[in-house]
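Q: sequence unknown, structure follows:
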C-alpha cells in the first residue's frame, strides 16, 4: 500500500517529496508579513516522525547551520519516515541578533503556547501544533547564552530507555539528566509523549565548526538508530562510551572584575582547584575562583568582565571522572578527523 501524504499549513507533501513550507506567524511591526520556514522530508517508506528545531533563542546560530547542512545531505532522498527541520524558530530574535523576542520574553518558557496570547504564545503555538504534535521524536539544538561557551553535550531524561538509546546513538561524550523546566519545548514535548534530546554546543552569535559537525553527525546517527537512514557501510562511525553526569554545579564569581580562566572546556578539575582569577582592572589585587566539586568543565564564561555572583563556569560531576575526560578527548579527535560530508 502506498504511503499516505502529509498536509501541513494547507500544503500537501507526497511520499518521496521534500518541500519547504512557510508557517504563518504574526507580522513584524512593519506589517510586511512574516513566516517560519519548515523543511519537510516525507520518505517513500514508512517510519517514525522526527523534528529538529534550532534558534528557539534567536542568537543561537550553530543550530541554524547544522540544519542547513542536514537538509542538503543527499542521503535524505532515500530516507524512511518524516523529518520536520526548522532552522529558525525565533525569527524575530534572529533578525535582531537577540536571544529574546521583541518584548524581552524568552520563547522557551511559553510552550505549548496558544492563539490569542502574547507574541511568545502565538509563536510557540504555531510550532507546537504544526510540527511537534506530529512527531514521536525530537532534537532541539542550543548554544550557551550570555557570553558562555558550552562543550558539546546532551540533556534529557536519561532514565528513559528510549531517550538514553537515542543519546548513545547521537554520540556526544557527555550527557546530563535534567528535569525540563515547565514551559520549555523539551518539558512540553515530553508531556505529550515525545522522546526528545537537547543538544548544547558552542556559544551564541558565533559559528563553531566543531559543534556544527558534531550536531550533523549526531542527528544523522540518531536517524540511523531510528531506522530513518540506512547506516553507511564505507564510513562506519567510531563510537565512544557516553558518560552521564550525576550532578552539576555553577561556579560563581566571588568578586567583580575581569575573569581570566585557567582551565579549559572539557578539562577535569578537582574540588578546590583554581579555575581562574578575577583581576582588579585598577590594581594588582585578584580573587581566585576554586572548583566546589570534582568534575569536568562543560561551560565557561567567554566575556572577561564579570560581576560578583555571575556564573563563570559550569561543572558536571561523574562517577568515573577519568573516563569522562577521556571520552571528551576522544570525541574531539573523532569529530575533526572524520570525513565530513556537507
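A: Perfect, I can see it now. What you see is a predicted model; the values in this text were computed from it and never measured. Residues are numbered from 1 along each chain as shown.

Q: Residue 323 and residue 75: what is the separation?
A: 32 Å (C-beta to C-beta, to the nearest Å). In this view, the C-beta of every residue, glycine as well, is placed from N, C-alpha and C.

Q: cool, residue 225 as well?
A: According to C-beta to C-beta, residue 225 stands 14 Å off from residue 75.

Q: Stretch 172-192: end-to-end distance?
A: 25 Å (C-alpha to C-alpha, to the nearest Å).

Q: Now it: buried residues?
A: By 16 or more other C-beta atoms under 10 Å, the buried positions in stretch 172-192 come out as 172-177, 180, 183-190.

Q: now swap in stretch 282-290 and tell me
A: By 16+ other C-beta under 10 Å, the buried positions in stretch 282-290 come out as 287, 289.

Q: Give me the contact list for it.
A: With C-beta atoms under 8 Å, 6 or more residues apart in numbering as the test, stretch 282-290 has contacts from 251, 253-255, 257, 259, 272-280, 312-313.

Q: Sort out which of those residues are buried, if you could.
A: Listed as buried from the contacts of stretch 282-290 are 251, 253, 255, 257, 259, 275, 276, 277, 278, 279, 312, 313; burial here means 16+ other C-beta under 10 Å.

Q: Using TSV, lay out these together with distance to residue 134, pLDDT and secondary structure.
A: Putting these into TSV (distance: C-beta to C-beta, whole Å; pLDDT from 0 to 100; DSSP: H, G, I helix; E, B strand; the rest coil) gives the following:
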residue	distance to residue 134	pLDDT	secondary structure
251	41	97	strand
253	44	97	coil
255	50	96	coil
257	50	97	strand
259	44	97	strand
275	44	97	strand
276	46	97	strand
277	51	96	strand
278	49	97	strand
279	52	96	strand
312	41	97	strand
313	39	97	strand
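
Q: could you dump those to JSON lines with distance to residue 230?
A: Converted to JSON lines, the buried ones among the contacts of stretch 282-290 look like this (distance: C-beta to C-beta, whole Å):
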{"residue": "251", "distance to residue 230": "44"}
{"residue": "253", "distance to residue 230": "50"}
{"residue": "255", "distance to residue 230": "56"}
{"residue": "257", "distance to residue 230": "55"}
{"residue": "259", "distance to residue 230": "48"}
{"residue": "275", "distance to residue 230": "45"}
{"residue": "276", "distance to residue 230": "47"}
{"residue": "277", "distance to residue 230": "52"}
{"residue": "278", "distance to residue 230": "52"}
{"residue": "279", "distance to residue 230": "55"}
{"residue": "312", "distance to residue 230": "45"}
{"residue": "313", "distance to residue 230": "41"}
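
Q: Which single one of these is nearest to residue 141?
A: residue 313 (22.6 Å; C-beta to C-beta).

Q: Check the buried residues of stretch 172-192 and tell me the two furthest apart.
A: Maximum distance among the buried residues of stretch 172-192 (C-beta to C-beta): 29.2 Å, for 173 and 183.

Q: what number of residues lie near residue 43?
A: Residues near residue 43, counting by other C-beta atoms under 10 Å, number 21.

Q: Now do the strands in the stretch 1-150 of the chain.
A: Counting by DSSP state E, counting those that start in this stretch, residue ranges of the strands within the stretch 1-150 of the chain are 6-8, 11-13, 17-25, 34-42, 45-53, 80-86, 137-144, 148-156.
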